[in-house]
Each structure stands twice: as C-alpha cells, then as structure tokens.
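Enquirer: Sequence first, then the predicted structure:
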Amino acid sequence: MSGRPFVVSQQKLAEKLTILKDRGVGMLTRIYNIKKACGDTKSKPSFLSDKSLESSIKTVVRKFPNVDLKSLSNIHPIRGEIVKSLSLYYYTFVDLLDFKDHVSELLTTIDAC
C-alpha cells in the first residue's frame with residue numbers, strides 16, 4: 001500500500017469512532033423500543049392512560065421542569081410505581097446525554113487534528 005502510514009493516534013480515533021457508532025446504534029434501538037412501548041396501550045405504563053391522572057400529566061408536560069408539586073397531590077400515592085415504570089426511560093435518556101457528550105468530545109478532538 002502506498003501513502004502515509006496510519007498514525008497510532010489516528011488508529012485510536014478510528015477505534016473510538018467505531019465504538020461510538022456501535023453505541024449510537026444501541027441508543028437508537030433503545031429509543032425506538034421506548035417509542036414502540038409508549039405507542040402500544042398494552043405495554044405503555046398504566047398510569048399514563050389513567051383518566052384520573054390526565055390533568056396532572058398535562059400539568060407536568062405543560063410546566064416541566066418548573067412543576068408545582070402541590071398541584072400533583074393525586075400522583076403521590078403511586079409515586080413508587082411511576083418511578084419504577086419510568087426508570088428505564090430515564091436512564092436511557094441519561095445515557096443519551098452521555099453519548100452526546102462523548103460524540104462532541106471526539107468530534108472536537110478530530111477537528112483539532
């Protein structure tokens with residue numbers, strides 16, 4: 001093969017890109033599964049379809065992240081169920097933010113080369 005030899009730092013960048021690409025595919029799969037689960041009434045968390053909680057859910061959606069907890073008193077009895085049901089979604093989005101940071105960091109590194 002002719003041309004410049006592949007520098008070790010370039011090889012590390014290529015490895016990081018490959019790892020991030022695979023991780024990105026995994027993140028997209030997780031987000032797609034969340035979308036499918038929330039779109040299907042059988043797998044959607046039951047409290048999201050509960051008519052008695054509809055006004056509270058609308059309040060959270062409308063005022064997020066500055067939600068007045070006093071207006072959500074009907075949610076307190078099922079707070080544990082809500083946390084348990086939504087924790088997988090929460091951690092997926094936390095991982096997504098972490099992934100975004102890693103991609104930004106790598107792209108900044110590549111740009112500096």
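Expert: Ah, there it is. In this text the structure is predicted, and so the values were computed from the model without any measurement.

Enquirer: And the residue nearest the centre of the protein?
Expert: In the chain, the residue lying closest to the centroid (CA atoms, centre = their mean) is residue 93, at 1.8 Å.

Enquirer: Tell me, please, where in the protein the pLDDT is lower than the cut-off.
Expert: Within the chain, the ranges that satisfy pLDDT under 70 run 1-6, 8.

Enquirer: In it, spot the helix with the most residues.
Expert: Ranked by number of residues, the top helix in the chain under DSSP state H is helix 79-112.

Enquirer: who does it touch, helix- and strand-wise?
Expert: When contacts are defined as 3 or more CB pairs under 8 Å, 6 or more residues apart in numbering; DSSP states H and E, helix 79-112 packs onto helix 8-39. Quick note: C-beta positions are derived from backbone N, CA and C, even for glycine.

Enquirer: The following helix or strand past the helix it packs on: which residues count as buried?
Expert: The helix or strand immediately downstream of helix 8-39 is helix 54-63, counting by DSSP states H and E. Of all the residues in helix 54-63, those buried under the rule 16 or more other CB atoms under 10 Å are residue 56.

Enquirer: Same check on stretch 74-90?
Expert: Within stretch 74-90, the residues scored as buried using 16+ other CB under 10 Å are 75, 89.

Enquirer: Please export the C-alpha coordinates of it as CSV.
Expert: Coordinates of each C-alpha in stretch 74-90 appear next as CSV, following Å, rounded to 0.1, in the frame of the first residue of the first chain:
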residue,chain,number,x,y,z
ASN,A,74,-53.1,12.7,43.2
ILE,A,75,-49.8,11.3,42.0
HIS,A,76,-48.2,10.9,45.4
PRO,A,77,-49.9,7.5,46.2
ILE,A,78,-48.5,5.9,43.1
ARG,A,79,-45.2,7.7,43.1
GLY,A,80,-43.2,4.4,43.6
GLU,A,81,-45.0,2.8,40.6
ILE,A,82,-44.2,5.8,38.5
VAL,A,83,-40.5,5.8,39.4
LYS,A,84,-40.3,2.1,38.8
SER,A,85,-42.1,2.3,35.4
LEU,A,86,-40.2,5.3,34.1
SER,A,87,-36.7,4.5,35.4
LEU,A,88,-35.7,2.6,32.3
TYR,A,89,-36.8,5.5,30.1
TYR,A,90,-35.0,8.0,32.4
